[in-house]
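Asker: The sequence and its predicted three-dimensional model are supplied below.
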Amino acid sequence: MRTIIEAVRLCRNFPGPVRAVDEVDLVVAEGERVAIMGPSGCGKSTLLHLLGGLERPTAGEIRLCGERVDGLSEAAWARLRRRRVGFVFQAFHLVDELTAIENVELPALLLGVSATAARRRAFALLERLDVADRSRHLPARMSGGEQQRVALARALINDPAIVLADEPTGNLDSRNTAEILRLFASVSGDGHALVLATHDPRVAAAADRLVGMRDGRIVDDTRLDTGASRRDVVGQLLGWEA
Amino acid sequence: MREAILALLAKEPAHGYELRQQLAVAMGSVGDLLNPGQVYVTLSRLEGAGLVRGVQVEQAAAPDKKVYEVTPEGRDRVAAWFADAGWPKVAPIEFHLKLVAAAATGLADPVAIIDAQRRELIRRLRDLQALTDTPPADEGQLLLAGAALRLAADIEWLAACETFWTRSVH
């Protein structure tokens, strides 16, 4: 599998003795879905921000699609992010004054895609995420679940190598959480790597790999697939040994 | 399973194979995974306890079969079962004791135990979620959804354990 992102001894210090991210090594491959869990303040959001260039590391290296990116300028990161990185946030962060479809097509227009092509692709994504009927609505007129689906469409518009999601279901009820999880699963079939920071067990359980963080460090990194059959899983529930 | 079988027999007498079929249908999409042997074992225990009575029925073209019917005591048991609001195992006491014992003795690190337990529970939740539709489409799915919700709650509790024991031990 092709490596999408690689962090080597990544650090992020804030004033004071605490390191928000402390010597983190992380490699994420194409198509991989990684959940980062840990207590509030463990550094999982900061790590996502570092991986997506929203914050700068104090030390360490980051390679994105083989290219060294930790030393890039703000402007270079902004260009790279448009092409390679999709972000999904807990609070959606849609532009209030733009309709759903305008929000989605914006990163494509910034990349220089023609207005017609951007609109076509934006609409196709909204259709795929079951919010095409909201395409002309402003964010304020949409539910949280709809806004997050629009945000996911926006993250995917430029076919990024990696989607970084920070507590993507933190503002959603359980029905919308399940729906967003289903959509994340369906889009990760396209080969995007996905890294989610979450405290929601259901979100973590939708990943292939679990990374545990504590005090800025990775303390756990495990694959989640068990290879258990339906017979094993249900048999255990029904109270007999598989 | 005891009381569910009793309830089915309280509606009408049946032989073992019929009961298996009825239970499997009632359980929806997980019905095929019921352990057939368990129905027969349960029936013989219920008979031993005087809650059902088995009657041999002669069949001309096939081996005799045993038809079970519920006794008055069995009928009372079914009514009591439906009326009972007991709820087993609210507290995850075994795991809690494990952490308490680890911390008290220093023989193991509670936080390492929590990490290992979270891995295990998230794996199980992942297996369950892969089998579950939202909202549940039938009786079998509803059971899986219940198991997934409880697991998710247990994993959230592990996060509280992690915060507590990280502070207390390290």
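Answerer: Alright, I've got the coordinates.

Asker: When you work out contacts or count neighbours from here on, use the C-alpha atoms and nothing else.
Answerer: Fine.

Asker: how far away is the residue of chain A found nearest chain B from residue A:125?
Answerer: Of all residues in chain A, the one sitting closest to chain B is residue A:205 (4.5 Å; Cα to the nearest Cα). Using Cα to Cα, to the nearest Å, residue A:205 is found at 25 Å from residue A:125.

Asker: okay, now residue 96: neighbour count?
Answerer: Picking chain A for this. Other residues within reach of residue A:96, judged by other Cα atoms under 10 Å in any protein chain shown, total 12.

Asker: switch to chain B, that's the one I care about
Answerer: 14.

Asker: between residue A:205 and residue A:125, which one's more packed in?
Answerer: Taking other Cα under 10 Å, residue A:205 and residue A:125 do not tie; residue A:205 has more neighbours (27 against 23).

Asker: before we move on, the earlier item: right, and the residue of chain A closest to chain B touches residue B:126 too?
Answerer: Yes - under the contact definition of Cα atoms under 8 Å, residue A:205 touches residue B:126, with a separation of 4.5 Å.

Asker: Quick check: residue A:140 touching residue A:97?
Answerer: No - counting by Cα under 8 Å, residue A:97 is not a contact partner of residue A:140; they are 9.2 Å apart.

Asker: Quick one: name the residues of chain B near chain A.
Answerer: Those residues of chain B that sit near chain A, judged by Cα under 8 Å from any Cα of the partner chain, are B:30, B:33-35, B:115, B:119, B:122-129, B:131, B:134-135, B:144, B:147, B:152, B:155-156, B:159, B:162-163.

Asker: Please list only the buried members of those residues.
Answerer: Buried positions within the residues of chain B next to chain A, assessed by neighbour count (16 or more other Cα atoms under 10 Å in any protein chain shown), are B:30, B:33-35, B:115, B:119, B:122-129, B:144, B:147, B:152, B:155-156, B:159, B:162-163.

Asker: And the helices in chain B?
Answerer: For chain B, the helices identified by DSSP state H occupy B:2-11, B:16-26, B:36-48, B:72-83, B:93-105, B:110-131, B:139-169, in order along the chain.

Asker: ditto for chain A
Answerer: Taking DSSP H as the criterion, chain A contains helices spanning A:44-51, A:74-84, A:100-110, A:115-128, A:144-156, A:174-188, A:201-204, A:230-237.

Asker: Can I get the third one as PDB, trimmed to CA atoms?
Answerer: Listed next in PDB are the C-alpha coordinates belonging to helix A:100-110 (Å, rounded to 0.1, in the frame of the first residue of the first chain):
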ATOM      1  CA  ALA A 100     -24.500  24.200   0.300                       C
ATOM      2  CA  ILE A 101     -23.300  23.700  -3.200                       C
ATOM      3  CA  GLU A 102     -21.300  27.000  -3.200                       C
ATOM      4  CA  ASN A 103     -19.500  25.800   0.000                       C
ATOM      5  CA  VAL A 104     -18.700  22.400  -1.700                       C
ATOM      6  CA  GLU A 105     -17.400  23.800  -5.000                       C
ATOM      7  CA  LEU A 106     -15.300  26.600  -3.400                       C
ATOM      8  CA  PRO A 107     -12.100  24.600  -3.000                       C
ATOM      9  CA  ALA A 108     -12.400  23.400  -6.600                       C
ATOM     10  CA  LEU A 109     -12.800  26.900  -7.900                       C
ATOM     11  CA  LEU A 110      -9.800  28.000  -5.800                       C
END
